[in-house]
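> My questions concern the predicted model and sequence given below.
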Amino acid sequence: MNDIIHSRAVPMARIVAAIALLQVAGCGGGESGMAGLPTPKVEVSQPVRREILETDEYTGRLQAVESVEVRARVSGYLEQILFADGSRVKKGDLLFVVDPRPYVAQLQQAQAGLERARSRLKLARNHLQRAESPLKEQAISEEEYDTRRQSLVQALADVESARAEVDLARLNVEFTQVRAPIDGRISRKLLTAGNLVTADTTVLAGIVSVDPMYVYFDADERALLKYRRLELAGERKDGMPLEMGLLDEQGHPHRGYLDYVDPEVNAEMGTVRARGVIPNPDGLMEPGLFARVRIPGGSRHQGLLIPDRAIAMDQGKKYVMVVTADNRAEYRPVVTGRLYDGLRIVSDGLSPEDWVIVNGLQFVRPGTPVEATRIDMPEAAR
């Protein structure tokens, strides 16, 4: 039994001795902080101080300002189609022609009816005029005179009715020419020539406006409350500027303005729908396209910016390393914002005088000495 105990004690003694040797070696490491390793070399730069405008970013979809379904206003057989599928059209352009012959005949019939009514009016007026002298001489009764006067009134009404029928028939002839109600891009034709169309029912094509475009996006309650407080403080006005970028574009090259916010919050989603207006003179944008939207989230102020490569993560929190006056690395937690001209906004945790490690961050630990070289912020990020 004693032999067994002795055999186990020997390895334990060796382990304790090894630990002691490691501790001695660690204490003799010098200023490098790690035995046998040179002092890490790093490059440091001071944060860029610049006037910045805080912004909020959202995703949304483009939508046409105007969208109409083209329908004929009279029934008949489709005679002509005068546009190319998907082409740009102007308001008033002739798109379709419905066979006008039945409506031309109705117009001619109405015009003939108007002439008959005018003839009867002339006759009734003459009858009344011829009755004026006999009435004074009491050659006819007042009842006869009233009858003739009533006939004149009826004839006048008949003329007005016939004139209205002519106007209606003329409109129907005009309606056989189906014209574009708005500027925009037209869809494919939904019927071919020779088909029967029904007034105000048959859809012939669709047109969507192109310039400008709407962009719709949803903002959360926190953003809405922030904007409302800015409005109350007089720092935010109607028609505020808006920037937008498409899926394949860098940044937000398109400029527009915010023109509408829903008056209530969606209780299920906790969001409010907003709308911007974006000019589209070249027709690049299409309804339904994905859009990235950026709008001002506050007033202009001085801010600090650093490169993204100077920022590291520690258990979900962001931090940087700064070099102190005695050339040691110091851990500094930071609060960051969006990218601004290629640099990351730091809203808390740094001062303009700090020297931030921008190259070599992976080689240092908090408290270790470093050999720092001061450099300017890279020109590409300025």
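That came in fine, so what should we check first?

> Which parts of the stretch 51-200 of the chain are helices?
Using DSSP state H, counting those that start in this stretch, the helices of the stretch 51-200 of the chain run over residues 101-136, 142-175.

> Any chance of those in a markdown table with mean pLDDT as columns?
What follows is the helices of the stretch 51-200 of the chain, written out as a markdown table (pLDDT from 0 to 100):
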| stretch | mean pLDDT |
| --- | --- |
| helix 101-136 | 86 |
| helix 142-175 | 88 |
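
> Residue 87 is nearest to which of those?
Evaluated over the helices of the stretch 51-200 of the chain, closeness to residue 87 peaks at helix 142-175, with 22.7 Å, by Cβ to Cβ. (Glycine included, C-beta is placed from N, CA and C.)

> From the contact counts, what lies against the closest one?
Judged by 3 or more Cβ pairs under 8 Å, 6 or more residues apart in numbering; DSSP states H and E, helix 142-175 is in contact with helix 101-136.

> circling back to that earlier point, could you dump the helices of the stretch 51-200 of the chain to CSV with mean neighbour count?
Below are the helices of the stretch 51-200 of the chain laid out as CSV (neighbours: other Cβ atoms under 10 Å):
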stretch, mean neighbour count
helix 101-136, 15
helix 142-175, 15
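
> The spatially most central residue of the chain: helix or strand, and which one exactly?
In the chain, the residue lying closest to the centroid (Cα atoms, centre = their mean) is residue 215, at 1.5 Å. Here residue 215, judged by DSSP states H and E, is contained in strand 213-220.

> can you pull the buried residues of the helix or strand that that strand is followed by?
With elements assigned by DSSP H and E, the helix or strand that comes after strand 213-220 is helix 221-232. Neighbour-count burial for helix 221-232, counted by 16 or more other Cβ atoms under 10 Å, picks out 223, 224, 226, 227, 230.

> Just to be sure, residue 251 is in a strand?
No. With DSSP: H, G, I helix; E, B strand; the rest coil as the criterion, residue 251 is coil rather than part of a strand.

> Look at the closest residue to it other than its chain neighbours and say how many residues are nearby.
Spatial nearest neighbour of residue 251, excluding adjacent residues (Cβ to Cβ, 6 or more residues apart in numbering): residue 245 at 5.8 Å. For residue 245, the count of nearby residues is 17 (other Cβ atoms under 10 Å).

> where does residue 245 land on pLDDT?
According to the prediction, residue 245 has pLDDT 94.

> what residues are up against it?
251, 252, 253, 254, 291, 292, 294 (Cβ atoms under 8 Å, 6 or more residues apart in numbering).

> And residue 266, how far from residue 273?
Residue 266 is 7 Å from residue 273, where distance means Cβ to Cβ, to the nearest Å.

> Against residue 254, how distant is the residue nearest to the centre of the chain?
9 Å.

> which neighbours do those two share?
In contact with both residue 215 and residue 254: 244, 278, using Cβ under 8 Å, 6+ apart.

> tally of neighbours for the nearest residue to residue 287 once chain neighbours are set aside?
Spatially, and ignoring its direct neighbours in sequence, residue 287 is nearest to residue 64 (4.5 Å; Cβ to Cβ, 6+ apart). The local packing of residue 64 (other Cβ under 10 Å) involves 22 other residues.

> Go ahead and confirm residue 64 touches residue 213.
Yes. Using Cβ atoms under 8 Å, residue 64 is in contact with residue 213, at 6.7 Å.

> how far away is residue 348 from residue 148?
99 Å.

> residue contacts, the nearest residue to residue 120 once chain neighbours are set aside?
Nearest-residue entry for residue 120: residue 155, 4.8 Å, with adjacent residues in sequence omitted and distances by Cβ to Cβ, 6+ apart. By Cβ under 8 Å, 6+ apart, the contact list for residue 155 reads 117, 120, 121, 123, 124, 125.

> got a markdown table for those, with distance to residue 172 too?
Shown next, in a markdown table, are the contacts of residue 155 (distance: Cβ to Cβ, whole Å):
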| residue | distance to residue 172 |
| --- | --- |
| 117 | 20 |
| 120 | 25 |
| 121 | 25 |
| 123 | 30 |
| 124 | 30 |
| 125 | 31 |
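
> with those residues in mind, which one is nearest to residue 303?
For those, the closest approach to residue 303 (Cβ to Cβ) belongs to residue 117, at 81.6 Å.

> Let me know the distance separating the closest one from residue 164.
According to Cβ to Cβ, residue 117 and residue 164 sit 11 Å apart.

> helix, strand or coil for residue 366?
Using three-state DSSP, the structure places residue 366 in coil.

> if I read this right, it contacts residue 330, doesn't it?
Yes. Counting by Cβ under 8 Å, residue 366 touches residue 330, with 6.6 Å between them.

> Which one of those two is surrounded by more residues?
Between residue 366 and residue 330, counted using other Cβ under 10 Å, the more crowded position is residue 330 (16 against 11).
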